[in-house]
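Chemist: Need a 3D model of the sequence below.
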Amino acid sequence: VMPDGTFVLADIGGYTTFLTNVGIEHAKEITSHLFNGLFEVDRETWKLGNIEGDCLFLYSDSPRAPQDVIAYVRRLYEKFRESIEEVASGSTCRCGACDRSGDLTLKFVIHGGAFDIQAIAGRSELIGPDIVVAHRLLKNSVPMREYALVTTPLAGMAEASGLPATPGRDEYGDIGAVDYVYMDLRGVREAYEKSREVYLTEDDADVAVSVEIEA
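Modeler: The predicted structure is shown next:
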């Protein structure tokens, strides 16, 4: 009997443009920093299934409670935005990769089901019909850049998230129709950006400059 697990695919948007033509060495450094940061989030519970180009495949080898998965996805997204800030603040380089790092986005596909593990070329690979479904869902009709897509069996995560949720369905030739719910991550991004804002009053400043302009 194959075990049941929970799968989270974290897919970086804008990656192809990011790698095109310029700054390939810095692009490799930046994407390595982003992926390593994501992998370090709760690695005691979530394991690395694979790195697939611009997508990190993470999984838990047992079903997880909806609120736990959503909390994990939030932490992944916040870590991603934090890593982008680290790249932007730590570099004076103006190559295409460094200039465009702020344009990168993150989306998630969350699914669950049975899986097995097989050894291929000395590596462990997850296999099973539900693994296929999770990966097919990376290509979908969701009309936004940053979102978390959850398949219907795990739809309780949408309610646990407190985020605006919309039902959706896509048809795939080899597996048929798949129903899902997707949540807009804009609120998560705005909350994160708000938490990072720093306001300096004139009383706190070492130097204050006031200029009068004609307007």
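
Chemist: quick one: contacts for E202?
Modeler: A208 (CB atoms under 8 Å, 6 or more residues apart in numbering). C-betas here are computed from N, CA, C, even on glycine.

Chemist: Please confirm that it is located within a strand.
Modeler: No. Assessed with DSSP: H, G, I helix; E, B strand; the rest coil, E202 is coil; it does not lie in a strand.

Chemist: Low-confidence stretches in this protein?
Modeler: For the chain, applying pLDDT under 70 flags the ranges 1, 18-24, 90-100.

Chemist: where exactly do the helices run in it?
Modeler: 15-19, 24-39, 66-90, 96-100, 129-136, 156-161, 186-195 (DSSP state H).

Chemist: Which of those helices sits closest to G53?
Modeler: Closest approach to G53 among the helices of the chain (CB to CB): helix 15-19, 7.3 Å.

Chemist: could the helices of the chain go into CSV alongside distance to F108 and mean neighbour count?
Modeler: Shown next, in CSV, are the helices of the chain (distance: least, CB to CB, whole Å; neighbours: other CB atoms under 10 Å):
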stretch, distance to F108, mean neighbour count
helix 15-19, 15, 15
helix 24-39, 11, 17
helix 66-90, 5, 17
helix 96-100, 22, 19
helix 129-136, 11, 19
helix 156-161, 10, 19
helix 186-195, 11, 13
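
Chemist: Format those helices as TSV; extra columns: distance to G122.
Modeler: As requested, the helices of the chain are exported to TSV (distance: least, CB to CB, whole Å):
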stretch	distance to G122
helix 15-19	27
helix 24-39	20
helix 66-90	28
helix 96-100	31
helix 129-136	20
helix 156-161	35
helix 186-195	38
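
Chemist: for those helices, which one sits closest to M144?
Modeler: Taking those one by one with CB to CB, helix 186-195 is closest: 7.9 Å.

Chemist: and the direction of the closest one versus that of helix 66-90, what angle?
Modeler: Here the directions of helix 186-195 and helix 66-90 differ by 50 degrees (axes from the mean of the first three to the mean of the last three CA atoms, to 10 degrees).

Chemist: Correct me if wrong: R169 contacts Y180.
Modeler: Yes. Counting by CB atoms under 8 Å, R169 touches Y180, with 7.1 Å between them.

Chemist: which one of these two has more residues nearby?
Modeler: Neighbours were counted for R169 and for Y180 using other CB atoms under 10 Å; Y180 has more, 23 against 11.

Chemist: P164 versus T152, what's the distance?
Modeler: 18 Å (CB to CB, to the nearest Å).

Chemist: let me fix that: G113
Modeler: Counting by CB to CB - G113 and P164 are separated by 26 Å.

Chemist: quick one: which of those two has more around it?
Modeler: Taking other CB under 10 Å, G113 and P164 do not tie; G113 has more neighbours (20 against 12).

Chemist: pretty sure the more buried one contacts D4?
Modeler: Yes. The criterion here is CB under 8 Å, and G113 meets it with D4 at 6.4 Å.
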